[in-house]
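Q: next comes the sequence, and after it the predicted model I'd like to discuss.
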Amino acid sequence: MPLQFDQIGKSFPGVRALDGVSFEALEGSVHALMGENGAGKSTLLKILSGAYQPTEGRLVLDGKALVNRATQDALDAGVAVIYQELQLVPQLSVAENLFLGHLPSKFGWTDRRKLHAEAKRLLALVGEDIDPDTAIGKLPIAQRQMVEIAKALSRDAKVIAFDEPTSSLSSREVERLFEVIARLKSEGRIVLYVSHRMDEIFRVCDACTVLRDGKQVQTFEQLNAITPDDLVRAMVGREVNTLNSYRPRPIGEVALKVEGLEGHGLKSPMSFDVKRGEIVGLFGLVGAGRTETLNLIAGLSSAKGGTLVLNGESIASLNPQAALKRGIGLCPEDRKKEGIVAIASVTDNVNLGARKAFWIHGKAERTYAQSRVDQFRVRTPSVDQKIGNLSGGNQQKAIIGRVLGHDLKVLLLDEPTRGIDIGAKSEVHDIVRALAETGVAVIVVSSEMPELLGLCDRILVMEGGRLTGELPHSDATQERLLELALPGKTL
Amino acid sequence: MSTVVESPLRKIWDRAGILVVLLVLLVGASVFQKNFLSSNNLINSLGLSVTSTGIVACGMLFALAAGDFDLSVGSVAAFGGMIAAVLMSKDYSPVVAVAAALGAGLIVGAINGFVIAVCGVNALITTLATMQIVRGLAYILNDGNSLGASKPAFAVIGNGTMPLWILLACLIIFGLLLHRTVYGRNALAIGGNREAAHLAGVPTRKVQIAIFSLMSMLAALAGVVSTSQLQLGDPKTMQGLELRVISACVLGGVSLTGGVGSISHVIIGVLIMGTVQNVMDLRGVSTFWQYVVIGSVLLAAVLVDRLKTRGKS
């Protein structure tokens, strides 16, 4: 029996988050939910999990109305939602996490033997051979996610919903996840899949519902009958130039030369350079040392060796403040944690750190913020809006605007489009290209190969804390990149 | 997403709920409490009860805005008062005595700030430790005994309306610092998201050290003012000041999690606490019951605030 969403609506004070969403997810199929940020996907998942109550409409599973007053009700009814931020207790063991809330017990004592055996069995179902007594916190993200899936299976969940499950996985781990999803599907479970990544949607999903501004735009019953462009059009309601639009541009002399850089996350000294007006990509699997390299250059962590030469001048080890003063600016991977001050206004965020005087010049700051907002088409009701209320893409654009407040020579971008929607993605790419054209040297870390191929003049590849190769745009293909990024193939 | 229009009353309540509480309280006290409006009561009782809390709250506002707090202020106030009294008893001029007291406060604060910002120990533990160390030092200065401090030049500080002018000056200076300077804005940014502020180029350590240094200097100032008023340096005084100050700030609307705060919050919070206390004094409520009432007021205020924000999400 399918899972039916029947005219689901949800209102918050002041906001209509969902409006009349109706579709069916079939047994033994994977149903994708797509839409830009703020389209209502997360709200829908939260209604499914019982975290929110719908204002109107109902959920129907197995022909029965599903009334989830709390998350426990949803679990009891066989609905499991696996969120982007995994819901595990890092200090507890794998086994304890799997059975959290329904630990096997004998006379009130935990039945450790049964716990261990059952955990082993569940982990085998997702193809993992982890010791159930390991603390969850010690496992890499990918394995934690598998534990989360096993947890859903421990309750024999009939419906399993994934929220952006691949956002922090490497390509190989993604393959593992897809195998497990295929198995869930063949067992006749209903799988819901939320993602921004077009290639994944077309590989894994059978059907797709597109949301925009809380309303259902369209449900495609047969994904193989349509093209990615159809989906994009449905999502944004307009045409977007596809990501693969590399344009060559004039490249100047060396802006930043990195020589023998050593530090946290690097296994051997790194040397490379980036020229004025050049966009250099840094590709690798999770844990390859890409973020660490950027952090060392930006002075976020301190280098143990090596030199940085900026425009011919050797510069000593930096902190972020000194790096910005010299024109090296980093836009971090985790916007919420390291990028924005969520409760402060757009104006405050854009001007943060670039203030030199003693007094605040409110008018000048607002004018400056407004100019960046206009330049980058940041969609915000006003520059006084709290930045936390903007979508991820608009936050990212504001953060880029912030580093431009310094006399920027080298721009470091760490996963600049992670978790932001397609429309904003192509706008961020346009901004990066435009900055390069003004002579800024750019280094981009990304896990999305199409993004790097569309953007970069040159791509460096890292594996296990080492530089393993360098491909000019003309030689770069997804196959070549992956070959260099996989372990054991060092040049 | 469409926007639902909110009623104007709801808007006023959302924006200025606690201000309404203060106004009701003041009007109620004026109408129903005999002598509340007399100048003697306003200046000497209400005025004096808000000066220490108010002066220290100006500093605490910054600490809270940056996501920290300081438990050592009560001890530092006692320490500052004792230093001034001891120096004057050794025939130093009041100017030197006051300068030394403020300097000592600054040093304690700089140590707090250094340990918290540079060594990375959390503010609770650090200031809990210095609270005890400094209290001990205050006792050691004169063997645990209090000490008279009645030089006429020194008495000026605590005489008549002078403490209120000092408080007003602090409110203006620290209000300007928080709202109009880069230092203030950086403090709020650190409280909002320390890592983001650091990465954006804010000198987070310097700002934190400055916050704690100024904070303790204000505590020492409050100690000096109170010593001058009572003409007595007392190492046992100002116990629990830190809790009264944090309570007043939170009552007024400063966020304990950092990133949110304004000088008007401090003014409102201090006045509410002061008024409640003053009315109870005038009615002859026993000090034991005053504790119960003050605690209940604080609990009620944060509960109302919690319900207000829950209604929104």
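A: Here it is on my side, so go on.

Q: what's the burial count for residue 85?
A: I went with chain A, as the question did not name one. 8 (other C-beta atoms under 10 Å in any protein chain shown). All C-beta spots, glycine's among them, are computed from the backbone N, C-alpha and C.

Q: should've been chain B
A: 30.

Q: what's near enough to touch it?
A: Residue B:85 sits next to B:97, B:142, B:147, B:148, B:149, B:227, B:232, B:233 when contact means C-beta atoms under 8 Å, 6 or more residues apart in numbering or on different chains.

Q: who's in contact with the third one?
A: By C-beta under 8 Å, 6+ apart, the contact list for residue B:147 reads B:82, B:85, B:86, B:89, B:232, B:233, B:234.

Q: from the contacts of residue B:85, which land in helices?
A: B:97, B:227 (DSSP state H).

Q: pLDDT at residue A:13, what is it?
A: Per-residue confidence (pLDDT) for residue A:13: 68.

Q: let me know the helix or strand that the residue positioned nearest the centre of chain B is in.
A: Central residue of chain B (C-alpha atoms, centre = their mean): residue B:57, 2.0 Å from the mean position. Under the criterion of DSSP states H and E, residue B:57 resides in helix B:48-65.

Q: distance from the chain centre to that helix, please.
A: Centroid displacement of helix B:48-65 relative to its chain, using C-alpha atoms, centre = their mean, to the nearest Å, is 2 Å.

Q: what number of residues are in the vicinity of residue 92?
A: Let's take chain A. 15.

Q: you looked at the wrong chain, it should be chain B
A: 15.

Q: next, the contact list for the closest residue to it other than its chain neighbours, please.
A: Once flanking residues are discounted, residue B:92 sits nearest to residue B:100: 7.8 Å by C-beta to C-beta, 6 or more residues apart in numbering or on different chains. By C-beta under 8 Å, 6+ apart, the contact set of residue B:100 is B:83, B:84, B:87, B:92.

Q: next step: the contacts of residue B:147 restricted to strands.
A: B:232, B:233 (DSSP state E).

Q: most neighbours among the contacts of residue B:147, please name it.
A: In the contacts of residue B:147, the most neighbours by other C-beta under 10 Å go to residue B:233, 33 neighbours.

Q: so how far is residue B:228 from the residue lying closest to that residue once chain neighbours are set aside?
A: Nearest residue to residue B:233, sequence neighbours excluded (C-beta to C-beta, 6+ apart): residue B:85, at 2.6 Å. Using C-beta to C-beta, to the nearest Å, residue B:85 is found at 10 Å from residue B:228.

Q: need the residues touching each of the two.
A: residue B:149.

Q: ok, how many other residues are close to residue B:39?
A: For residue B:39, using other C-beta under 10 Å, the count is 9.

Q: contact partners for it?
A: Residue B:39 neighbours (C-beta under 8 Å, 6+ apart): none.

Q: how far away is it from residue B:280?
A: 20 Å.

Q: break chain A into its domains for me.
A: Per the record, chain A has its domains at A:3-236, A:254-485, by automatic domain parsing.

Q: pick out the shakiest of these, pLDDT-wise.
A: domain A:3-236 (a mean of 86).

Q: ends of it, what's the gap?
A: Terminal residues of domain A:3-236 lie 27 Å apart, using C-alpha to C-alpha, to the nearest Å.

Q: again, but for stretch B:145-161
A: For stretch B:145-161, by C-alpha to C-alpha, the gap between its terminal residues amounts to 29 Å.

Q: and for stretch A:460-470?
A: Stretch A:460-470: ends 4 Å apart by C-alpha to C-alpha.

Q: tell me the buried residues in it?
A: With burial defined by 16 or more other C-beta atoms under 10 Å in any protein chain shown, the residues of stretch A:460-470 counted as buried are A:460, A:461, A:462, A:463, A:464, A:465, A:466, A:467, A:468, A:469.

Q: okay if I get those residues as JSON lines plus secondary structure and distance to residue A:309?
A: JSON lines is the format used below for these (DSSP: H, G, I helix; E, B strand; the rest coil; distance: C-beta to C-beta, whole Å):
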{"residue": "A:460", "secondary structure": "strand", "distance to residue A:309": "17"}
{"residue": "A:461", "secondary structure": "strand", "distance to residue A:309": "23"}
{"residue": "A:462", "secondary structure": "strand", "distance to residue A:309": "21"}
{"residue": "A:463", "secondary structure": "strand", "distance to residue A:309": "25"}
{"residue": "A:464", "secondary structure": "coil", "distance to residue A:309": "26"}
{"residue": "A:465", "secondary structure": "coil", "distance to residue A:309": "22"}
{"residue": "A:466", "secondary structure": "strand", "distance to residue A:309": "21"}
{"residue": "A:467", "secondary structure": "strand", "distance to residue A:309": "17"}
{"residue": "A:468", "secondary structure": "strand", "distance to residue A:309": "23"}
{"residue": "A:469", "secondary structure": "strand", "distance to residue A:309": "23"}
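
Q: turn those residues into JSON lines, columns for distance to chain B.
A: Output for the buried residues of stretch A:460-470, formatted as JSON lines (distance: C-beta to the nearest C-beta, whole Å):
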{"residue": "A:460", "distance to chain B": "23"}
{"residue": "A:461", "distance to chain B": "26"}
{"residue": "A:462", "distance to chain B": "22"}
{"residue": "A:463", "distance to chain B": "27"}
{"residue": "A:464", "distance to chain B": "26"}
{"residue": "A:465", "distance to chain B": "22"}
{"residue": "A:466", "distance to chain B": "26"}
{"residue": "A:467", "distance to chain B": "24"}
{"residue": "A:468", "distance to chain B": "28"}
{"residue": "A:469", "distance to chain B": "29"}
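
Q: from those residues, which is closest to residue A:98?
A: Using C-beta to C-beta, residue A:464 is the member of the buried residues of stretch A:460-470 that sits closest to residue A:98, with 30.5 Å.
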